[in-house]
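Participant: Any chance you can model this:
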Amino acid sequence: MTIEPLKAISLRHELKHQINLREDLVLSQRLRKLFTHDKNAGPDGIYRVTSLYFDTPYDSALREKIDGVNRREKFRLRYYGTDFSFIRLEKKYKVNGLCGKRSARITQEQAEKLLSGNYEFLLDSSEPLFIELYSKLKGKGLRPKTIVCYDREAFLYAPGNVRITLDRDIRTGLGSVDFLNPEIFYLRTIESGTVLEIKYDAFLPELVRMAVQVPGRQASACSKYVLCRRFD
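Facilitator: Numbers count the residues shown, from 1 in each chain. Next comes the predicted model:
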């Protein structure tokens, strides 16, 4: 088996704010006038995101996030809407405040094997991310931990490679890892709350800086994973 070499991935800046319903309404109207929606979204520019996060028996990813550790990582599975034909395995990592992500396609059958505790297929792949996940499953006891689901409205701006997202109705599967069951019960984590995220490369254009301003709000360490883990 030949393992493909890792590709260099540039790190990006990431700003997060938790905003209320009124702020969301004002901000979303402004953004719709200035920027284009993600082309993969529906007619209203909104799509559902469902993720299954992995963690160790000691909740290392959760604790490192809460403690603000400079170098940390999280593994997750993710699909959009109810389309199981496009599932991704992702590793999100943070280094000194900058974020990056690696991802690889995974089939529904492979995801089902992973959830059932059958990991050996990961070693039969030439995908480096599969091999890394296998090593973490075996070496650190990484296991599926919780489902995070929300509705996302995403905007794009080419200068600075900017991506602005409004994540609404954030909910958790209450400890369930039945990731491929769209009928499971979800509990809303924050009432009438939205998480605003701004990601960009080397610079944040002034137009974007002015557009995303929410009076009285400061960037904060707001994690949807942490919000959902409160209910485990």
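Participant: for this structure, what spans make up the strands?
Facilitator: 13-20, 36-37, 46-55, 71-80, 83-95, 98-106, 143-157, 162-172, 187-188, 193-200 (DSSP state E).
Participant: So which of those strands is nearest Y119?
Facilitator: Proximity to Y119, assessed across the strands of the chain by C-beta to C-beta, is greatest for strand 143-157 (10.5 Å). To be clear about C-beta, it is placed using only N, CA and C from the backbone, and glycine gets the same treatment.
Participant: List the buried residues for the closest one?
Facilitator: Using 16 or more other C-beta atoms under 10 Å as the test for burial, strand 143-157 gives P144, K145, T146, I147, V148, C149, Y150, R152, E153, A154, F155, Y157.
Participant: Quick check: the farthest pair among those?
Facilitator: P144 and Y157 (34.9 Å).
Participant: Low-confidence stretches in this protein?
Facilitator: Within the chain, the stretches with pLDDT under 70 are 1-9, 192, 218-221.
Participant: centroid residue for it?
Facilitator: Geometric centre of the chain, nearest residue: S51, 7.0 Å, by C-alpha atoms, centre = their mean.
Participant: Would you confirm that that one contacts F75?
Facilitator: No - with contact defined as C-beta atoms under 8 Å, S51 does not reach F75; the gap is 10.3 Å.
Participant: so how far is stretch 29-38 from its chain's centroid?
Facilitator: 21 Å (C-alpha atoms, centre = their mean, to the nearest Å).
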